[in-house]
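Visitor: Give me the fold of what follows.
(one chain, ligands or ions: 1)
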Amino acid sequence: MVNSTSTATLKAFNYAGPFLSIAYFIFSYVFNLVTLREEDKRPSKKITYRFFLWCILAVFCSYVADGFLLTYQVWSSRHYSIAKDEVTHVYFSALIWGCTCMSFFDTSTPSWNSYVGVWVLGFISEIVIFSTAGPSPKTPLNIRYSILVITVSRLSVLTMLSVAGVAIFWQIKKSSDNVDEERQPLISAGVDPRTPDNSCSTTVVGDGEEEGGEEEGEEEDEDPEKDVKQRQRQRLEQRGGWLGYIKDFLVFLPYIWPFKDRKVQMQYGVIGVCLLIERGLNVLVPHAYGKLTNTLAELSGTGKIPWAELGVWILFRYLDSYAGILLVNSYCEARVAQFSYKQIQKASFAHVMGLSMDFHVNKNSGELMKAITQGYALNGLVDLALFTILPMLVDLVLAVGYLTYLFDIYVAYIVITISIAYVWVGIKFTTSMIPLRRKYHKIGRDVYVLQTEPVNNWQTVAYFNRAQYQEDRLVDAAEKECNASLRYRDRFLLSMAIQFFIIMLGLVSATLLAIYRVSIADKPIGSFVALVTFWGSLTGPLSNLANSFNLVSRNLISAERLLQLFNTKSSTADKPTARDIDVTGGHVKFEDVDFSYDERKQTLKNINIDAPSGKTIAFVGETGGGKSTTLKLLLRFYDVKRGRITIDGQDIRDITQSSLRNVIGVVPQDPSLFNMSIMENIRYARLEATDEEVFEACKAAAIHNKILSFPDGYRSKVGERGVKLSGGELQRVSIARVILKQPRVLILDEATSAVDSATENEIQNAFKELSKGRTTFVIAHRLSTIMYADLILVVENGEIVERGTHNELLNSDGKYSDLWSKQLSTKTRVKIDNLPEPYDSKALIADRGDESHLVELSREMSGTEGSNQSSSQSVSASDDTNPPIDTIVEEEAETNKVVDSSPP
Ligand SMILES: Nc1ncnc2c1ncn2[C@@H]1O[C@H](COP(=O)(O)OP(=O)(O)OP(=O)(O)O)[C@@H](O)[C@H]1O
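Guide: Now for the predicted structure:
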């Protein structure tokens, strides 16, 4: 009775011991990962670390030795199913100690609670087993003696490990409790969160890239994802672990899961069913094949055909092909993938376009585009998790179950062992190949530059006769590229070789076992055939699983980029209560407005402007004074820091930005166009405009004839940002766009700075027409262009220092009059050389502000204008407030007209 109780206890502990250890290790490891528990993750001293590593290795080796002794015992006794519980104990113990050894080896900051738990549990179960049984009595004496020696030595190592581990664990716990009060840093002191050894953040997000880099001793190549990874780690720490981290991704759920689209929901359902059927077929196909073989063997020589078995096998094979379930699955997968692709693209684009100007002026365009285009990675992540990794794990569990059913647990042990080894080797190699691949790509880019730059700069190369030099550089770089490519490929081949060797080792062991069972008539031949067929379907999931870690890490980085973009909020977002603007007249008011781009420097101070409906307000003043900024506030590119801006009494912060920008038309300082035809660019302002309306707008902007003179007329492409057009043409096209838009409020920011005076005159007339009945804001450095304004504001250092009409400001003898006389004196200086003798130039300049002199001067100049223009073509003004001399000369003729039409 006592004997049978102790046998039962022994059996229970043989099975339960290693399983408890495995369960504990997995649970605590996942728990640490999910909660990012850091208090017990301290870098151990080198010596302590080595001590533990050697101890774990010793225990692992002792189990391996035990395993060999048991195999020998089974072999020599020819009793196949001897001590299954003992074999299980030894096998799983070797497995857990092997895995902890690998994991301990991979990190210098172990999660002590995980390891110490395993050691203590191992120690307890070994003590119980040893005290209950001791070496088996059936065992020959020499084997019994060896097992005893191994067990005793293992026990002593386990004792050391457990005691030392517990001591270290408590010591760490105590010190972390002291720190606990102010446990703000989730990464313990001394551990740099960027240390690759920090297993929590490295294993999953693929920071092994750096790890690999160190292993390789490669020269540090710039990691293009460095910034994203750093922010990812910060977020991981802020969220307190992977659970919180992953939770943030839930914002994408509406773009991935079709809450409102029944059709796509159905497709997801069909995919789920297909995946289930596929899992079943993975087992059923080889099983049916085995059965067919068995029946065929039985019917051999009888002339009968096993129709039923054959039919079942053919049916399963058909279902498991791209004419069966796989076809349905792929069909639905393509459709659900497109659903999320469209949703993510749309949402990310809309989000970026809705962000305020402060984001757009600071953005890194490359990163931004990556975030939008790689947002698809999010979809890949879901695909990978749901349609690849999960089915693969199910496949592996099924494989273990099926092979146990087909033969026994020993074949399943082989599958488990090779799966772990295969995936581990795969991950290690993929990680170590990342720096090689990065280096190879970097050199590839260098080669590309060395190829394209000399071709693009052919003339420079020819001028300096440097063709040979360029060729040598290219050959050198190409050589390096080839070497880098070979190193990368060789590493890849090595990894393939090792992985296939592992698979072969597993296949050989499993088939040997199967052949043995068939040879002793323990199993039918069909089981062997089924095993070999099934083996083929097992290697696919294994290699996918090994690669998927790298893919998950890459997709996470890309999705992180998109998440960070989505987390960027617009500083000028519409209020939930915002309504569309209701413009009755277009009365614009700035009331006590303050603004700054940066808190440390105020850009606008106490701006008060009253622009009644239909009036023209002009801004003049030194460059950088804040003129453009004032008008950017009106467009609500930024929000005011103090005060308010209203249009017809409505605060622009209370109305939708879309409706606001609908009523405002802008001709910017530096217009840019899309690389489309001129017609399309102009129609961009009003998509439904007819060709005739576009022609009219172009005529008003004095560009129609010019466009007609282009070989392709209105169908001419303008190049990127409009580079194929001259500055003046670009400006006039952009003016035509605004004329076509017919906005209620008009902003002209240096709108005619790049056109000659004759054209400017035409455009000014168009503007006069356009601004009739519209509130117009004009920024101009050429004062002659704003003389007609109803109100002129002189802006200096972010303040309005003067205001009034042209005449009022001239008479007040302030800044404006100063600016006026500066421009005038420059003009006059240009003219003085050409003045006939009787003129007293000094008197002329001193008498600034008197328009009669301008009229006189202009009349005088009209005779000599042509010669001046040509003589001053390449001269430019040194003072920013003074326009270039060639422009001024052009103004001479124009001044005449302006004076004629100036307000009384
Ligand atoms: N996005 C920005 N971020 C930070 N500072 C800016 C930004 N845009 C403009 N500034 C600064 O604000 C000040 C006012 O610039 P603004 O463009 O309004 O001047 P401006 O009077 O229109 O000049 P200009 O006549 O040369 O166009 C300048 O000192 C400029 O450097």
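
Visitor: Can you name the residue of the stretch 251-400 of the chain nearest the ligand?
Guide: The ligand sits closest to Val361 of the stretch 251-400 of the chain, with a gap of 4.4 Å, by Cβ to the nearest ligand atom. Heads up, the C-betas are built off the backbone N, CA and C, glycines and all.

Visitor: Now do the helix or strand hosting that residue: distance to the chain's middle.
Guide: Using DSSP states H and E, Val361 sits in helix 357-362. The chain centre lies 18 Å from the centre of helix 357-362; the measure is Cα atoms, centre = their mean, to the nearest Å.

Visitor: try stretch 779-790
Guide: 47 Å.

Visitor: how about Leu770, what does it touch?
Guide: Residues counted as contacts of Leu770 (Cβ atoms under 8 Å, 6 or more residues apart in numbering) are 700, 738-739, 742, 746, 776.

Visitor: mind redoing it with 7 Å?
Guide: Contact analysis of Leu770 by Cβ atoms under 7 Å, 6 or more residues apart in numbering lists 739, 746.

Visitor: What average pLDDT does the helix holding Val361 get?
Guide: Confidence for helix 357-362, expressed as mean pLDDT, is 80.

Visitor: Give the next helix or strand downstream of that helix.
Guide: helix 365-373.

Visitor: who's in contact with that following helix?
Guide: 348-349, 352, 561-562, 565.

Visitor: What residues of it count as buried?
Guide: Within helix 365-373, the residues that qualify as buried by neighbour count (16 or more other Cβ atoms under 10 Å) are 368, 370-372.

Visitor: C-alpha coordinates for that helix, PDB please?
Guide: Extracted C-alpha coordinates of helix 365-373, given in PDB (Å, rounded to 0.1, in the frame of the first residue of the first chain):
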ATOM      1  CA  SER A 365       8.200  65.500 -44.400                       C
ATOM      2  CA  GLY A 366      10.000  62.200 -44.900                       C
ATOM      3  CA  GLU A 367       8.900  60.900 -41.500                       C
ATOM      4  CA  LEU A 368       5.400  62.200 -42.000                       C
ATOM      5  CA  MET A 369       5.000  60.500 -45.400                       C
ATOM      6  CA  LYS A 370       6.400  57.300 -43.900                       C
ATOM      7  CA  ALA A 371       3.800  57.500 -41.100                       C
ATOM      8  CA  ILE A 372       1.000  57.800 -43.600                       C
ATOM      9  CA  THR A 373       2.100  55.300 -46.100                       C
END
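
Visitor: I'd like the distance from stretch 295-309 to the chain centre, please.
Guide: 60 Å.

Visitor: So which residues on the stretch 251-400 of the chain come close to the ligand?
Guide: Within the stretch 251-400 of the chain, the positions near the ligand by Cβ under 6 Å from any ligand atom are Val361.

Visitor: Can you list the low-confidence ranges for the stretch 51-200 of the chain?
Guide: 77-83, 108-110, 133-145, 171-200 (pLDDT under 70).

Visitor: ok, which stretches of it are helices?
Guide: 84-106, 112-132, 141-180, 199-203 (DSSP state H, counting those that start in this stretch).

Visitor: Out of those, indicate the one that is most buried.
Guide: helix 199-203 (a mean of 23; mean count of other Cβ atoms under 10 Å).

Visitor: Now do the helix or strand that contains Leu633: distance to the chain's middle.
Guide: Here Leu633 sits within helix 627-634, counting by DSSP H and E. Centroid separation between helix 627-634 and its chain, computed with Cα atoms, centre = their mean, is 33 Å.

Visitor: Which SSE is immediately downstream of that helix?
Guide: Helix 627-634 is succeeded, C-terminally, by strand 642-647 (DSSP H and E).

Visitor: list the helices and strands that next one packs on?
Guide: Applying 3 or more Cβ pairs under 7 Å, 6 or more residues apart in numbering; DSSP states H and E, one finds that strand 642-647 contacts strand 588-595.

Visitor: near the ligand at all, the strand it packs on?
Guide: No: under the criterion of Cβ under 6 Å from any ligand atom, the ligand is not reached by strand 588-595; the shortest gap measures 9.3 Å.

Visitor: ok, the helix or strand just after that strand: who's next to it in the sheet?
Guide: The first helix or strand that comes after strand 588-595 along the chain, using DSSP H and E, is strand 604-611. Sheet pairing here is set by DSSP bridges, and for strand 604-611 it gives strand 588-595 (antiparallel).

Visitor: Closest to Tyr488 out of the buried residues of helix 365-373?
Guide: Lys370 (23.3 Å; Cβ to Cβ).

Visitor: how about low-confidence regions in the stretch 801-904 of the chain?
Guide: For the stretch 801-904 of the chain, the ranges with pLDDT under 70 are 824-904.

Visitor: for this structure, longest helix please?
Guide: helix 467-519 (DSSP state H).

Visitor: Which residues does the helix holding Val361 contact?
Guide: 568, 571, 632, 637-638.

Visitor: which of these sit farthest apart?
Guide: Thr568 and Lys632 (19.8 Å).

Visitor: rewinding a little: if I look at the residue of the stretch 251-400 of the chain closest to the ligand, how far off is Ile344?
Guide: Using Cβ to Cβ, to the nearest Å, one obtains 25 Å as the distance from Val361 to Ile344.

Visitor: Compare these two and say which is more crowded by neighbours.
Guide: Using other Cβ atoms under 10 Å as the criterion, Val361 and Ile344 rank with Ile344 on top: 22 against 9.

Visitor: Let me know the pLDDT of the more buried one.
Guide: 85.

Visitor: Likewise for Val745?
Guide: 92.

Visitor: Distance check, it against Ile502.
Guide: 73 Å.

Visitor: now swap in Gln267 and tell me
Guide: 38 Å.

Visitor: Output the set of residues of this structure in proximity to the ligand.
Guide: 361, 597, 603, 623-629.

Visitor: Buried among those? Make that a ChimeraX selection.
Guide: To isolate the buried ones among those in ChimeraX, judged by 16+ other Cβ under 10 Å, type:
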select :603,625,626,627,628,629
